[in-house]
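1. Structure of the sequence below:
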Amino acid sequence: MRRITVLALAAVAGLLATAGSASARDYLGTHCSTPRPLRCAGEACATSGALAELGDATEPKSGRKFFLDYPCDLKPGEKVTFILNLHGAGSIGNWQRHYFPAVDYVDKYRLVVATPTAATSPVRVPGQPGVRVWVGDADDSYLHDIVDEVVAGFGRSNIRAFWLAGHSQGGITSNRLVCTPFFAAKTDGFLSLSGGRLGGSHMNPRFGPPKADGSPPEPRAIPLGGGPLPACEVSHIYETGEHEITDLQTTSAWAEKLGCGPRRKEPDIVDSEAGYVWDYQRQGYNVWGMKARPGTAEEYLYPGCRDGRVVADFMRLDKGHTEGLEPKVTEAIIRLLVSAPGGKIAAGG
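-> Residues are numbered from 1 along each chain as shown. Now for the predicted structure:
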């Protein structure tokens with residue numbers, strides 16, 4: 001298994017910055033490997049123990065582990081897009097790394113993907129005591145420190161763009177953080193994976209995990225992403241399963257804020273392969289999620305946004321909240337993500 005101490009990145013980078021022929025593993029002082037470590041698929045993920053692993057990198061201030069994936073052939077001075085990929089409540093970093101498998105595209109799209117794990121929350125989540133939830137100053141500081149270490153290790157001027165991404169409560173956390181002083185100065189885009197749409201989402205009133213007997217939760221109003229829009233300006237991509245919402249809005253208050261044009265439907269994305277993971281313990285209620293399987297996704301763009309920013313919605317048909325993203329829709333999201341403008345970190349953010 002590859003072991004990385006992020007603290008070493010900046011020191012090694014400084015020593016080798018002039019070595020134009022150095023490989024990525026030399027430049028970063030790591031043992032980068034292809035295929036990536038601790039990967040699994042389908043039922044094997046539930047039995048192999050891989051999803052319990054916390055990562056191959058160490059954030060030095062806290063000593064907490066996280067996953068750090070990047071191209072093994074990265075050259076000194078090469079530009080990358082940095083994604084901070086946050087899991088949802090009760091989940092863990094390596095599940096998120098499989099749910100939204102940007103790791104599969106680090107070589108093709110020159111990505112650096114950091115996937116951490118939240119601390120066990122002191123806040124009691126109803127029905128889920130002691131789960132991992134992004135909450136409180138300790139987790140916020142941990143995320144700040146991961147960003148600072150990655151920027152120092154790969155080089156500020158080499159970070160072409162930086163995106164916050166998150167599933168469910170990880171998406172809500174990204175929404176909460178994106179315009180805070182630390183992240184507003186650095187973040188070029190926000191990818192919400194079933195974690196709330198900037199400008200509001202129409203959630204299914206029976207959204208949530210099934211009851212112990214497998215029946216749906218009681219209906220309730222679920223406000224998600226409504227209220228005042230964030231004050232900063234970033235690109236925004238929203239992805240959702242068809243069953244977890246009542247409808248996908250045909251307008252976007254965020255697109256209007258950024259001066260984008262009317263929504264335009266793109267060709268459907270048809271996947272013949274399933275995603276890697278699903279909720280193995282609570283599959284069977286389609287709003288929450290079934291077993292991962294192939295499918296079709298709809299893509300909608302809001303063109304002509306100010307300063308070239310990207311605003312888009314993806315809806316995966318006949319899917320709920322927890323089926324892992326299929327390969328073609330994952331790549332479509334990443335392709336759009338890397339097409340958006342960046343530069344905040346390189347400019348000193």
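2. Beyond the longest strand seen in the chain, next helix or strand please.
-> Criterion DSSP state E: the longest strand present in the chain is strand 159-167. Where DSSP states H and E defines the elements, the next helix or strand beyond strand 159-167 is helix 169-177.
3. Packing partners of that following helix?
-> Contacts defined by 3 or more CB pairs under 8 Å, 6 or more residues apart in numbering; DSSP states H and E place helix 169-177 against strand 80-86, strand 159-167, strand 189-193. In short, each C-beta sits where N, CA and C put it, glycine included.
4. buried residues in the first one?
-> The one in question is strand 80-86. By neighbour count, with 16 or more other CB atoms under 10 Å as the criterion, the buried positions of strand 80-86 are 80, 81, 82, 83, 84, 85, 86.
5. What pLDDT does the model give residue 161?
-> As predicted, residue 161 sits at a pLDDT of 98.
6. For residue 228, list the residues it contacts.
-> Counting by CB atoms under 8 Å, 6 or more residues apart in numbering, residue 228 touches no other residue.
7. hang on, the earlier thing: centre of the chain to the longest strand of the chain, how far?
-> Mean-position distance between strand 159-167 and its chain equals 7 Å (CA atoms, centre = their mean, to the nearest Å).
8. rewinding a little: format the helices and strands packed on helix 169-177 as a markdown table; extra columns: distance to residue 309.
-> Below are the helices and strands packed on helix 169-177 laid out as a markdown table (distance: least, CB to CB, whole Å):
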| stretch | distance to residue 309 |
| --- | --- |
| strand 80-86 | 15 |
| strand 159-167 | 11 |
| strand 189-193 | 8 |
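9. I'd like to know which of those is closest to residue 255.
-> For the helices and strands packed on helix 169-177, proximity to residue 255 was assessed by CB to CB; strand 189-193 is nearest, at 13.6 Å.
10. and the closest one, what does it pack onto?
-> Helices and strands touching strand 189-193, as assessed by 3+ CB pairs under 8 Å, 6+ apart, comprise strand 159-167, helix 169-177, strand 235-241, helix 327-339.
11. Ok, which of these comes nearest residue 319?
-> strand 235-241 (3.7 Å).
12. Please identify the pairing partners of the very next helix or strand once past the closest one and their relative orientation?
-> For strand 235-241, the succeeding helix or strand toward the C-terminus, using DSSP H and E, is strand 245-247. Applying DSSP bridges, strand 245-247 is found paired with strand 202-203 (antiparallel).
13. tell me the SS of the nearest residue to residue 230 once chain neighbours are set aside?
-> Using CB to CB, 6 or more residues apart in numbering and skipping the chain neighbours, the partner closest in space to residue 230 is residue 179 (4.2 Å). Recorded secondary structure, residue 179: coil (DSSP: H, G, I helix; E, B strand; the rest coil).
14. Tell me which stretches of this protein form strands.
-> All strands of the chain, identified by DSSP E, fall at 4-5, 57-58, 65-69, 80-86, 111-116, 159-167, 189-193, 202-203, 235-241, 245-247, 264-265, 269-271, 295-301, 311-316.
15. Make sure residue 92 is actually in contact with residue 51.
-> Yes. Residue 92 is in contact with residue 51 according to CB atoms under 8 Å; the separation is 6.4 Å.
16. distance of residue 253 from residue 201?
-> Relative to residue 201, residue 253 is positioned 11 Å away (CB to CB, to the nearest Å).
17. Residue 305 now?
-> 20 Å.
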